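**Q** Sequence and predicted structure below; questions after.
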Amino acid sequence: MYLGEERIEEIDILQATIQYRFSDINLLTQALTHSSYINENGSGLKDYERFEFLGDAVIDLVVSDYSLKEFDDFSEGDLSKLRSRLVSEANLAYLARTIDLGRFLLLGRGEELTDGRNKDSILACSLEALFGAIFLDSGYHEASEAFLKIIKKADVESKFFDDQDYKSKLQELLQGKQGKIPTYRVLKEEGPGHSKIFEIGVYVNKKILEKGTGKNKKEAEQKAAKRALKRIAKEDFDF
């Protein structure tokens, strides 16, 4: 497919945003092409649906691998729930918006008129297609690295703290094994009032277990509790 200079400059912005540059730019072009555009612009083009099929499997594997390594205190049930949320249409659309993916899609007039660039279904599918294309261009490792950069930039882990209550898990563990209750203390506050960063320590018997930082006290406490759970799982902590 011929790409004009303006289109090349536009998709260069997307490649810079995702920190990945395609060796075969035709793969990226197809990943950004919706079927409605094909229907209105002739048979010489291909839409992203086949790439979407592949990208769905790629993202599922990346998320499973990431979750298993990052949340080593989670049970199989917890991991399944987290994966389900991370690969849901709503979350994939959320991630697509963080990279402004809708801006770069080729849509037919009908989809343009009905705000297709902002539809969760189209954004989620196009994100899957994008990572299917990266997999075809460079393989699993590059696709995984690119997707994890988006997850971390979007702070997806914090987005799910309300559903993953590490503080409760830590308290249940310590009460069950040691008959002790953890306490939390603010160690540091940095930054202006509208964007403070808190550092909080979690203690047992006045001895610090771990620290966590966050944009609010709740997030910092959850991160401290999560790190404490990991530490307890890996070593015999002297309470």
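**A** Yep, that arrived.
**Q** can we go C-alpha only for contacts and neighbour counts from here?
**A** OK.
**Q** Please point out which parts of the strand or helix carrying Ile8 sit buried.
**A** Applying DSSP states H and E as the criterion places Ile8 in helix 5-18. Across helix 5-18, burial judged by 16 or more other C-alpha atoms under 10 Å covers 11, 14.
**Q** going on from it, what's the next piece of helix or strand?
**A** Criterion used, DSSP H and E; the element after helix 5-18 is helix 25-31.
**Q** Can you pull the domain assignment for this structure?
**A** 5-159, 166-234 (automatic domain parsing).
**Q** what are the ranges of the strands in this structure?
**A** Assigned by DSSP state E, the chain shows strands spanning 183-190, 197-204, 207-214.
**Q** same for the first one, what does it pack against?
**A** In terms of contacts (3 or more C-alpha pairs under 8 Å, 6 or more residues apart in numbering; DSSP states H and E), strand 183-190 is packed against strand 197-204.
**Q** Give me the residues contacting the strand it packs on.
**A** The contact list for strand 197-204 (C-alpha atoms under 8 Å, 6 or more residues apart in numbering) reads 180-191, 208-217, 220-221, 224-225, 228, 239.
**Q** just stretch 113-122 next, same as before
**A** Counting by C-alpha under 8 Å, 6+ apart, residues outside stretch 113-122 touching it are 89-90, 93, 102-103, 105, 107, 111, 123.
**Q** gap between the two ends of it?
**A** With C-alpha to C-alpha, to the nearest Å as the measure, the ends of stretch 113-122 fall 14 Å from one another.
**Q** quick one on the thing from earlier: now, which of the contacts of stretch 113-122 lie within helices?
**A** Taking DSSP state H as the definition of helices, those contribute 89-90, 93, 111, 123.
**Q** which among those gets closest to Ser64?
**A** Glu89 (16.3 Å; C-alpha to C-alpha).
**Q** that older thread, for the helix holding Ile8, packing partners?
**A** On a contact count with 3+ C-alpha pairs under 8 Å, 6+ apart, helix 5-18 meets helix 140-153.
**Q** Okay, angle between the helix it packs on and helix 5-18 too, please.
**A** 80 degrees (axes from the mean of the first three to the mean of the last three C-alpha atoms, to 10 degrees).
**Q** Please name every helix or strand in contact with helix 140-153.
**A** With contacts taken as 3+ C-alpha pairs under 8 Å, 6+ apart, helix 140-153 sits against helix 5-18, helix 49-70, helix 89-98, helix 120-138.
**Q** The most centrally placed residue in the chain and Gln30: what is the separation?
**A** Closest to where the C-alpha atoms of the chain average out (C-alpha atoms, centre = their mean) is Ile151, at 2.5 Å. Noted for Ile151: a distance of 23 Å to Gln30, by C-alpha to C-alpha.
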